[in-house]
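[1] Pasting the sequence and the predicted model now:
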Amino acid sequence: MKKTVFLFLSYFLAFLTSFAGKEILELKGGKGPGKGKTIVLIAGDEEYRTEESMPMLAKILSQKHGFHCKVLFAWDNEGKHIDPNNQAGVRGWEHLDSADLMLTGTRFRRPSAEDAKHVTKFLDAGKPVIGIRTATHAFTGGGSFGGKISYGAFGPLVMGEGWVSHHGGHKRQGARGVIEKANASHPILHGVKDVFGPSDVYGIRRVTPERDTILLRGAVTTTLDPKSPNVEGKQNDPMQPLAWLHPYESPAGKKGTTFCTTMGASVDLVSEDLRRLLVNAVYHLTGLDVPKKADVDYVDPFYPSFYGFIRDKAFWPGQDMQAEDYGLGKTPAAPDPKGTPKWDFRPRKK
């Protein structure tokens, strides 16, 4: 009888472990300087398709640079399929407990109080954070990570900025990265020359050169064409900060550093040098020497869909995407949202 109970418990625990593993995409690091370091990448936004970009970045970081990568996704309430529209749906926050770096692109997420404890523990260790696009407004609701860092204050206090505005015309004007001359020799800018994205420049009001290290400013361009000229006049005078390093203080008073860029739609990451900027930031914030020109070629083909809200409640159940669908050797391709402008400057699945 005891043997039967033991076998039942063993199989049950194995089942639970297998099920939990399917909630995240885990890519063990190959050879490279990042071997032995773990990055948790957090997808979960309604608009900019981090469910596409985070697995792509995880593949590059793990297969080309040796980092052990875990990608968290937002799921529907039952955990049956990925659902970026579910603000409380991100699963796997406990993986932050063993992470060396967090890379997030979440938008207005609402983690439970229990899940928030893992974020607090991470920050209280003074560990580094990289945020893309909507990480300035990564969380919302009445929750708190402790001290002054409420969910709504995570952007301003941890990333250096919160939600302000669309400074450029949304889906009409692009963003071009312009290197900040005072910090042009910073290692994060190694090999970074041509950064462009069809997502617009965000308005910034808290980032300052006195406190933060501004690496790129965002030039608003006349159209979404990567070759379009910068807009003349007040819209680019001054240019808004586009990428910066920010010193943060955790709820327990521990000091840490974050890197943030307001670029980061999946289609933005067609830009090789934007991918390089992020990989360089990973190296720098984990204490590694930044390569002169990091390899950021795709591991698998990358077919990003254009950014935009998907309000059809049947869409995500119909897609039925699972974490493993974004794994090595997989090349998912989602349709563009309704109202997408024509943008032919990206690879498309035939």
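    Good, I have the coordinates. Numbering: from 1, shown residues only.

[2] Around the closest residue in space to Gly44 that isn't next to it in sequence, how many other residues sit close by?
    Counting by Cβ to Cβ, 6 or more residues apart in numbering, Ala74 is the residue found nearest to Gly44 once chain neighbours are left out, at 3.8 Å. Backbone N, C-alpha and C define where each C-beta goes, glycine included. A count of nearby residues for Ala74, using other Cβ atoms under 10 Å, gives 25.

[3] One more: Ala138?
    Using other Cβ under 10 Å, Ala138 has 27 other residues around it.

[4] Now it. Nearest residue, chain neighbours left out?
    Thr106 (4.5 Å).

[5] Report the contact partners of that neighbour.
    By Cβ atoms under 8 Å, 6 or more residues apart in numbering, the contact list for Thr106 reads 42-45, 50, 90, 134-135, 138-139.

[6] Show me where this structure has its strands.
    24-27, 38-42, 68-72, 101-104, 129-132, 165-166, 175-179, 196-197, 202-203, 213-220, 240-249, 255-261 (DSSP state E).

[7] coming back round to it: Throw the contacts of Thr106 into a markdown table and include pLDDT, thanks.
    Shown next, in a markdown table, are the contacts of Thr106 (pLDDT from 0 to 100):
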| residue | pLDDT |
| --- | --- |
| Ile42 | 99 |
| Ala43 | 99 |
| Gly44 | 99 |
| Asp45 | 99 |
| Thr50 | 99 |
| Val90 | 99 |
| Thr134 | 99 |
| Ala135 | 99 |
| Ala138 | 99 |
| Phe139 | 99 |
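
[8] isn't Asp273 right next to Asp194, touching?
    Yes - when contacts are counted by Cβ atoms under 8 Å, Asp273 is listed as touching Asp194 (5.1 Å).

[9] what sits in contact with each of these two?
    Gly177.

[10] And the two? Which one has more around it.
    More crowded of Asp273 and Asp194, by other Cβ under 10 Å: Asp273, with 18 against 12.

[11] Which residues are in contact with that one?
    Counting by Cβ under 8 Å, 6+ apart, Asp273 touches 177, 191-195.

[12] Can you tell me which of those residues are buried?
    Buried members of these, scored by 16 or more other Cβ atoms under 10 Å, are 177, 191-192, 195.

[13] In TSV: the residues you listed, plus distance to Ala219 and pLDDT.
    Shown next, in TSV, are the buried ones among the contacts of Asp273 (distance: Cβ to Cβ, whole Å; pLDDT from 0 to 100):
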residue	distance to Ala219	pLDDT
Gly177	8	99
Gly191	20	99
Val192	15	99
Val195	10	99
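
[14] and the two most separated of those residues?
    Gly177 and Gly191 (12.9 Å; Cβ to Cβ).

[15] and the residue nearest to Gly44, bridged to which residues?
    Here Ala74 shows beta-bridge partners Val90, assigned using DSSP bridges.

[16] just to revisit the earlier point, and the contacts of Thr106, which are buried?
    42-45, 50, 90, 134-135, 138-139.

[17] Could you list which of the residues you listed belong to helices?
    Using DSSP state H, Thr50 are the members of the buried ones among the contacts of Thr106 that sit in helices.

[18] about what we covered before: now the strands of the chain in JSON lines, with distance to Lys121?
    Converted to JSON lines, these look like this (distance: least, Cβ to Cβ, whole Å):
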{"stretch": "strand 24-27", "distance to Lys121": "18"}
{"stretch": "strand 38-42", "distance to Lys121": "12"}
{"stretch": "strand 68-72", "distance to Lys121": "16"}
{"stretch": "strand 101-104", "distance to Lys121": "11"}
{"stretch": "strand 129-132", "distance to Lys121": "13"}
{"stretch": "strand 165-166", "distance to Lys121": "33"}
{"stretch": "strand 175-179", "distance to Lys121": "34"}
{"stretch": "strand 196-197", "distance to Lys121": "33"}
{"stretch": "strand 202-203", "distance to Lys121": "29"}
{"stretch": "strand 213-220", "distance to Lys121": "26"}
{"stretch": "strand 240-249", "distance to Lys121": "15"}
{"stretch": "strand 255-261", "distance to Lys121": "13"}
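
[19] Just the pLDDT for Cys69.
    pLDDT for Cys69: 99.

[20] next one: Lys350
    We have a pLDDT of 86 for Lys350.

[21] Same question for Leu13.
    Listed pLDDT for Leu13 reads 34.

[22] What of Gly30?
    At Gly30, the model reports a pLDDT of 89.

[23] What's the local residue count around it?
    Gly30: 14 neighbours (other Cβ under 10 Å).
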